[in-house]
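Engineer: following is a predicted model, sequence given first.
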Amino acid sequence: MRHLFYNSVAAGRRPMASFGIQTAAMWRPSPMIRPISSAARNSSSSRKTVAGVPAVLAFICAGGLTYSVFRRDSSLGLFRKSNASGGNPASSPTDTFPSVEYYKSLDEQTDVDKLPVEEARLTTAPNAPPVITRKHPVLLRVPLQTITSLSQVTNQYKYEEWTFNGTTPGPFIRARVGDVVELSLTNCDVTGNPHNIDSHAFAGPGGGSALTTAEENETKTGRFKLLCPGLYIYHCAAAPVPVHIANGMYGLMYVQPEDQDLPPVDREYYVMQSEIYHEPPELDDYGRPLNVVEFSYPRGLREEPNAIVFNGKESALTRDAPLKARVGETIRIFFGNAGPNLTSAFHVIGSHFLNCYRDGDVMSPPARFVGTTSVPPGGTSIVDMKMVVPGSYTIVDHAIFRIDKGAVGFINVSGPQRPDIYVGNLPPQPCVGCKLHA
Ligand SMILES: [Cu+2]
């Protein structure tokens, strides 16, 4: 049904209307309010018009019609879903996806030398690169460096992070199905540790790690054709893998579908959750605890993090840089969970995920009006929210004790009040000691 939606946008409807109930209901009606689907209506009328005709003949006719619709739809794009079911594509027996054509396309060779060359636009969290509008594949150059960085990861302690391009999480990489990513990894880590890239977007052994393992002062380059659309984690997979991930070597790669990206929104953000495991601070010459801590393998094994944070630091989305929006705007969060151990119950207090692309799956119809979504380690989700009431909204892992370990972020929404939606007899007043409201 997505192309119907896109048609409505192309016809001049405001993008914001895409999140209205009417449009969303067109997309995939909920079981509670589902109207009779066009397929069901056709089926019903077919039964009337074929009265007296052997049932087997009616079945063959209906099957032929459905097959022809499916073939027509498939010809529009290898990744496009069939619309033959008329209301609930996921339930249609014709809606086998990916299509046979898609599997055949994997046998086709790409002449990489004939692709235009493009430099990837990399961004640092919480920013996401702009939407890719080109309609052709490119050789997409992605230069990454591994660098260590002493960072204030909690309000109390500094910690030496291992990073891609100097930040945790690493840069957001945006590409398109059919692109060939030319990833070069230069190891600038003076500690002597080897590093590499395992991207869940890459096809092949190790997700690219075997080709990209770089020793100190070495550069390794690999080319990887992007076969599958979606939002994927990338991370270092050098041994010991848990240590490299826990130390901050992870990021997100979004592979846009070749035909149709997600509905447009006003702002896109990049947020990742992760855990920090550290030993108690050592003492200085005067017996005072240092403000720098080091990684703790035993705590990682026990899955007992000292801190659980968004975008690498306790204050990344609170004191340092809360996300921003204006009343009436729709925002999208590309969310990833680096783990290494804990599943996130991702939630934004006071808002709803009007579209929730669970597991980073951008080809299936999204879940709608979701309050909390589960994101495992190594997993992702894309959520859209329309901000209708001004104020502070809190990003949390709803395994709620984790707010005391740092899993708090804010979205500050400015604009006129909406007393028709949200009002009390006194002004808003956060409770004493509240960590969830700015
Ligand atoms: Cu590494």
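Structural biologist: Cool, the structure landed.
Engineer: strand partners (parallel or antiparallel) of the helix or strand hosting M253?
Structural biologist: For M253, the host element (DSSP states H and E) is strand 250-256. Counting by DSSP bridges, the strands paired with strand 250-256 are strand 173-176 (parallel), strand 230-235 (antiparallel).
Engineer: could you dump those strands to TSV with distance to L183 and mean pLDDT?
Structural biologist: C-beta here means a position set from N, CA and C on the backbone, and glycine is covered the same way. Listed next are these as TSV, based on distance: least, Cβ to Cβ, whole Å; pLDDT from 0 to 100:
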stretch	distance to L183	mean pLDDT
strand 173-176	9	98
strand 230-235	9	98
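Engineer: output the below-cut-off pLDDT ranges for this structure.
Structural biologist: The model of the chain has pLDDT under 70 over residues 1-99, 438.
Engineer: let's see 50
Structural biologist: Residue ranges of the chain with pLDDT under 50: 1-94.
Engineer: helices or strands up against the biggest strand by length in it?
Structural biologist: Counting by DSSP state E, the longest strand found in the chain is strand 139-152. Contacts defined by 3 or more Cβ pairs under 8 Å, 6 or more residues apart in numbering; DSSP states H and E place strand 139-152 against strand 117-119, strand 158-164, strand 180-187.
Engineer: JSON lines for the ones you listed, including distance to the ion and mean neighbour count?
Structural biologist: Listed next are the helices and strands packed on strand 139-152 as JSON lines, based on distance: least, Cβ to the ion, whole Å; neighbours: other Cβ atoms under 10 Å:
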{"stretch": "strand 117-119", "distance to the ion": "24", "mean neighbour count": "12"}
{"stretch": "strand 158-164", "distance to the ion": "6", "mean neighbour count": "22"}
{"stretch": "strand 180-187", "distance to the ion": "9", "mean neighbour count": "21"}
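Engineer: turn those into TSV, including distance to D198.
Structural biologist: Listed next are the helices and strands packed on strand 139-152 as TSV, based on distance: least, Cβ to Cβ, whole Å:
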stretch	distance to D198
strand 117-119	23
strand 158-164	12
strand 180-187	11
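Engineer: quick one: closest of those to F346.
Structural biologist: The closest of the helices and strands packed on strand 139-152 to F346 is strand 158-164. By Cβ to Cβ, the value is 22.6 Å.
Engineer: which residues touch that closest one?
Structural biologist: 144-153, 168, 170-171, 189, 193, 195, 236, 244, 247-249, 251, 276, 278, 291-295, 312 (Cβ atoms under 8 Å, 6 or more residues apart in numbering).
Engineer: do stretch 419-436 as well
Structural biologist: 349, 388-389, 391, 394, 396, 403-404, 408, 437.
Engineer: for these, work out which two are farthest apart.
Structural biologist: Top of the distance list for the contacts of stretch 419-436 (Cβ to Cβ): V388 and D404, 29.9 Å.
Engineer: can you name the residues that contact R267?
Structural biologist: Applying Cβ under 8 Å, 6+ apart, the residues contacting R267 are 324-325, 329-332.
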